[in-house]
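Peer 1: pasting the sequence and the predicted coordinates here, then a few questions.
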Amino acid sequence: MAETPGQRLVLAFDFGVRRIGVAVGNELLGSATALDPLMARDGMPDWNVIGRLIKEWQPDVFVVGLPLNMDDTESEMSLRARKFGKRLHGRFGKPLEMFDERGTTRAAKTIAREEGHRGNYREHGVDGIAAELILTGWFEQQAGVARLEMPGPRQ
């Protein structure tokens, strides 16, 4: 594990009340890969599953998407995402960063449609893609790259 900025392994989360998207990435490479989403019950994940995920990947830092309103105010989901992030940090002791995720779900749905998704997002969510976009955006922010628009289709 590297704790030096620029060399860290990062685990990112797209908080949701039914599913929590997860992506893992290497800060040095700026790469992000979606993992299987975590099931949640009213926003509460199985912390044992998260523990196994953390043991497997051994991240240096957590990034949790913060769903702000377009006017920069916080919503009920913002408060719930912050609470999830605080619990994640408290349980596993890794540094936590919240990241403005506005537009990621819309961009994730666009990417999914371009990859052949049929539009049943309740059955087949885009949580992993959204987490991947959150992490990619966070990497860009760390590198000082301006976020002009959400990334296009994945390679």
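Peer 2: Good, I have the coordinates. Numbers count the residues shown, from 1 in each chain.
Peer 1: below-threshold pLDDT in this protein: ranges please.
Peer 2: Within the chain, the stretches with pLDDT under 70 are 1-6, 107-113, 115-125, 145-155.
Peer 1: tell me where it has helices.
Peer 2: With DSSP state H as the criterion, the chain has helices at 47-57, 76-92, 104-114, 127-142.
Peer 1: and the ones you listed, which is most packed in?
Peer 2: helix 127-142 (a mean of 24; mean count of other C-beta atoms under 10 Å). (Each C-beta comes from the backbone N, C-alpha and C, glycine too.)
Peer 1: dump that helix to PDB, restricted to CA.
Peer 2: Taking Å, rounded to 0.1, in the frame of the first residue of the first chain, the C-alpha atoms of helix 127-142 are listed here in PDB:
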ATOM      1  CA  ASP A 127     -24.100   1.700 -10.300                       C
ATOM      2  CA  GLY A 128     -20.700   0.300 -11.200                       C
ATOM      3  CA  ILE A 129     -20.400   2.600 -14.200                       C
ATOM      4  CA  ALA A 130     -21.400   5.600 -12.000                       C
ATOM      5  CA  ALA A 131     -18.700   4.600  -9.400                       C
ATOM      6  CA  GLU A 132     -16.200   4.300 -12.200                       C
ATOM      7  CA  LEU A 133     -17.100   7.800 -13.400                       C
ATOM      8  CA  ILE A 134     -16.800   9.200  -9.900                       C
ATOM      9  CA  LEU A 135     -13.400   7.700  -9.500                       C
ATOM     10  CA  THR A 136     -12.200   8.900 -13.000                       C
ATOM     11  CA  GLY A 137     -13.400  12.400 -12.100                       C
ATOM     12  CA  TRP A 138     -11.600  12.300  -8.800                       C
ATOM     13  CA  PHE A 139      -8.400  11.200 -10.500                       C
ATOM     14  CA  GLU A 140      -8.800  14.200 -12.900                       C
ATOM     15  CA  GLN A 141      -9.400  16.500 -10.000                       C
ATOM     16  CA  GLN A 142      -6.200  15.200  -8.200                       C
END
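Peer 1: what packs against it?
Peer 2: strand 9-14, strand 19-26, strand 31-41, strand 61-66, strand 96-100, helix 104-114 (3 or more C-beta pairs under 8 Å, 6 or more residues apart in numbering; DSSP states H and E).
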